[in-house]
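Q: Here's a sequence, model it:
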Amino acid sequence: MNKDFKVPKIPTSLRILRDGASGFQECRLFLSSASPFHHGPETVLEFLNGGPEFVPVELEGKVNILNLNHIVAFSNVAEHREGVGRHILLTLRTTRLFTVQLTEILPESQSRVQDYLNTTDMFLEFVSENTQLFLNKNMIVSATDQ
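A: Model (predicted):
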């Protein structure tokens, strides 16, 4: 393949929580320098929701091909975020609990937590303790308004 046709990648440091793991660990994703949806680089959500199920993730200096269906969450501790609206207690399949807020105000006709959780994307963005959190909604067992 001619490398002139390759899209440069941007290594992006995050923390990953894999199914069955006791906690988050450092990792790197490789985002495209050109988003197919807007001018500028690919976002983490575009990477998680717009591509294949198996993706390269660097863990402990080695690139692993991971199945996104078995990832609980990614967090971005480098970016301080403020949540909006009410607090929601999420209970995950792993019995882990997260108190989260949404990252945006939803349209009034779709402002229920149920509406947000029922979007078509597998990974949803939340804020937990001022940290950006990308949760796999298939790991969410219940959501309770706080």
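
Q: Show me where this structure has its strands.
A: With DSSP state E, the ranges of strands along the chain come out as 9-18, 25-32, 54-59, 62-67, 71-80, 84-92, 97-102, 123-128, 131-136, 140-145.

Q: Tell me which other helices or strands the lengthiest helix in the chain touches.
A: In the chain, taking DSSP state H as the definition, the longest helix is helix 44-50. Contacts defined by 3 or more C-beta pairs under 8 Å, 6 or more residues apart in numbering; DSSP states H and E place helix 44-50 against strand 25-32, strand 71-80, strand 123-128, strand 131-136. For the C-beta atoms, the positions are set from N, CA and C on the backbone; glycine is no exception.

Q: To Ile105, which of those lies closest?
A: strand 123-128 (12.9 Å; C-beta to C-beta).

Q: Can you list the strands that that closest one pairs with?
A: Applying DSSP bridges, strand 123-128 is found paired with strand 97-102 (antiparallel), strand 131-136 (antiparallel).

Q: Using TSV, please lay out the ones you listed together with distance to Arg112.
A: Below are the strands paired with strand 123-128 laid out as TSV (distance: least, C-beta to C-beta, whole Å):
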stretch	distance to Arg112
strand 97-102	11
strand 131-136	17
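
Q: Could you export those as JSON lines, including mean pLDDT?
A: JSON lines is the format used below for the strands paired with strand 123-128 (pLDDT from 0 to 100):
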{"stretch": "strand 97-102", "mean pLDDT": "90"}
{"stretch": "strand 131-136", "mean pLDDT": "95"}
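
Q: For Val55, find the nearest of those.
A: It's strand 131-136; of the strands paired with strand 123-128, that one is closest to Val55 (C-beta to C-beta) at 12.7 Å.

Q: Report the central residue of the chain.
A: Residue closest to the mean C-alpha point of the chain, counted by C-alpha atoms, centre = their mean, is Phe134 at 2.4 Å.

Q: Against Leu45, how distant is that one?
A: Distance of Phe134 to Leu45, computed by C-beta to C-beta, to the nearest Å: 7 Å.
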